[in-house]
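Engineer: give the three-dimensional model of this entry:
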Amino acid sequence: MKIEEREEAFDQRLAEMGIRIKDADNFKVSENVFDEVTLLALYKLVHKKWLTAIGGSISTGKEANVFLGERGEVNVAIKIYRVQSANFTTMSSYITGDRRFSHVKKSKKELIFAWTKKEFSNLVRAREAGIPVPEPFVWDRNILIMSFLGEGETPYPQIRSVDIEDPQRVYECIIDMIKTLYAKAELVHGDLSEFNILYHDQPYLIDMGQSVTRDHPRALQFLMRDIRNVNRFFKKRGCAITSEYDVFNSITGLEVTKP
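Structural biologist: Model prediction:
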């Protein structure tokens with residue numbers, strides 16, 4: 001089926017369900033996002049009243065697209081992992097060794113489904129620990145619906161694009177988040193950088209699909225990388241940076257020294 005025919009059929013199905021398409025010029029159905037698996041999950045979520053409108057793209061990442069949506073009068077974020085084009089090898093390195101997903105089959109589709117469930121679970125644990133992250137509402141197959149972090153229909157910017165008034169305070173806040181995530185949620189973000197921290201009244205952590213539990217075989221490696229990325233970013237903004245080894249040791253209780 002041609003992409004134009006898919007778009008027309010998709011629009012028609014949504015219309016039949018009473019779902020509005022907002023910002024139609026920016027909402028384009030593409031082969032690598034809205035495949036049959038994704039449409040099935042979307043229809044199920046619509047049927048259960050988790051969505052009443054679907055809008056334009058908020059962001060396009062390495063593995064997923066995020067769209068603005070509505071549930072009644074409330075804006076939501078719809079994260080769709082691309083089944084066809086996601087990086088299977090990269091995802092496997094985070095799933096393998098995670099005891100929560102030891103039963104997952106090796107097929108690409110099953111891995112994507114597990115990844116979506118994993119992000120939902122990680123967000124739940126982070127919020128319960130008091131970390132500012134999107135509130136996860138529901139997931140199905142490769143789709144995750146969560147709270148929208150933004151004002152009106154404009155998402156909060158990535159921290160790299162913000163002129164921070166007090167970068168030292170924000171740096172210390174994020175380091176505390178890393179510590180709390182490890183101590184209370186028993187998680188390591190695993191891919192923390194200026195690209196997946198949003199900023200408004202405070203920093204918000206996003207993109208937690210790759211986050212791993214503390215007992216993951218590469219958890220400490222990922223933790224050190226997170227700390228280095230945060231230190232690198234804030235050092236460029238003139239902050240007084242705590243040594244990555246001191247931060248790492250204070251979090252883990254270990255006594256790692258610089259080689």
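
Engineer: only C-alpha atoms from now on, for both contacts and neighbour counts.
Structural biologist: Fine.

Engineer: export the host helix or strand of residue 120 as CSV, just CAs?
Structural biologist: Element membership of residue 120, judged by DSSP states H and E, is helix 108-128. The C-alpha coordinates for helix 108-128 follow below in CSV (Å, rounded to 0.1, in the frame of the first residue of the first chain):
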residue,chain,number,x,y,z
LYS,A,108,13.3,-7.8,17.5
LYS,A,109,9.6,-7.3,18.0
GLU,A,110,9.6,-8.9,21.5
LEU,A,111,12.7,-6.8,22.4
ILE,A,112,10.9,-3.6,21.4
PHE,A,113,7.8,-4.6,23.5
ALA,A,114,10.1,-5.4,26.5
TRP,A,115,11.8,-2.0,26.0
THR,A,116,8.5,-0.1,26.2
LYS,A,117,7.5,-2.0,29.3
LYS,A,118,10.9,-1.4,30.7
GLU,A,119,10.6,2.4,30.3
PHE,A,120,7.2,2.4,31.9
SER,A,121,8.5,0.4,34.8
ASN,A,122,11.6,2.7,35.2
LEU,A,123,9.4,5.8,35.2
VAL,A,124,7.2,4.4,37.9
ARG,A,125,10.2,3.6,40.1
ALA,A,126,11.8,7.0,39.5
ARG,A,127,8.6,8.9,40.4
GLU,A,128,8.1,6.8,43.5
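
Engineer: other SSEs contacting that helix?
Structural biologist: On a contact count with 3 or more Cα pairs under 8 Å, 6 or more residues apart in numbering; DSSP states H and E, helix 108-128 meets helix 88-95, strand 136-140, strand 143-147.

Engineer: out of the ones you listed, which gets nearest to residue 55?
Structural biologist: For those, the distance to residue 55 is smallest for strand 143-147, at 13.3 Å, taking Cα to Cα.

Engineer: what sits against the residue nearest the centre of the chain?
Structural biologist: Central residue of the chain (Cα atoms, centre = their mean): residue 207, 2.1 Å from the mean position. The contact partners of residue 207, by Cα atoms under 8 Å, 6 or more residues apart in numbering, come to 119, 196.

Engineer: pop out the phi and psi values for it.
Structural biologist: Reported as degrees, to the nearest 10, the phi and psi values for residue 207 are phi 60, psi 70.

Engineer: quick revisit: go through the helices and strands packed on helix 108-128 and pick out the most buried.
Structural biologist: For the helices and strands packed on helix 108-128, average neighbour numbers computed from mean count of other Cα atoms under 10 Å are highest in strand 143-147, which has a mean of 23.

Engineer: which strands or helices does that strand pack on?
Structural biologist: Against strand 143-147 (3+ Cα pairs under 8 Å, 6+ apart) you get helix 36-47, strand 74-81, helix 108-128, strand 136-140.

Engineer: so what's the gap between the longest one and the chain middle?
Structural biologist: The reference is to helix 108-128. Here the centre of helix 108-128 is set off from its chain's centre by 9 Å, with Cα atoms, centre = their mean, to the nearest Å.

Engineer: tell me how far residue 219 lies from residue 94.
Structural biologist: 9 Å (Cα to Cα, to the nearest Å).

Engineer: common neighbours of these two, please.
Structural biologist: With Cα under 8 Å, 6+ apart, residue 219 and residue 94 have common neighbours residue 212.

Engineer: ok, back up a step: pLDDT on the helix holding residue 120, on average?
Structural biologist: Here helix 108-128 scores 92 as its mean pLDDT.

Engineer: so which bits of it are buried?
Structural biologist: Neighbour-count burial for helix 108-128 flags 108-109, 111-127 (criterion: 16 or more other Cα atoms under 10 Å).

Engineer: and stretch 67-80, by the same measure?
Structural biologist: For stretch 67-80, by 16+ other Cα under 10 Å, it's 67, 68, 69, 70, 71, 75, 76, 77, 78, 79, 80.

Engineer: the host helix or strand of the second one pairs with which strands, parallel or anti?
Structural biologist: Using DSSP H and E, residue 68 sits within strand 64-71. Note on strand 64-71: by DSSP bridges, its sheet partners are strand 53-60 (antiparallel), strand 74-81 (antiparallel).
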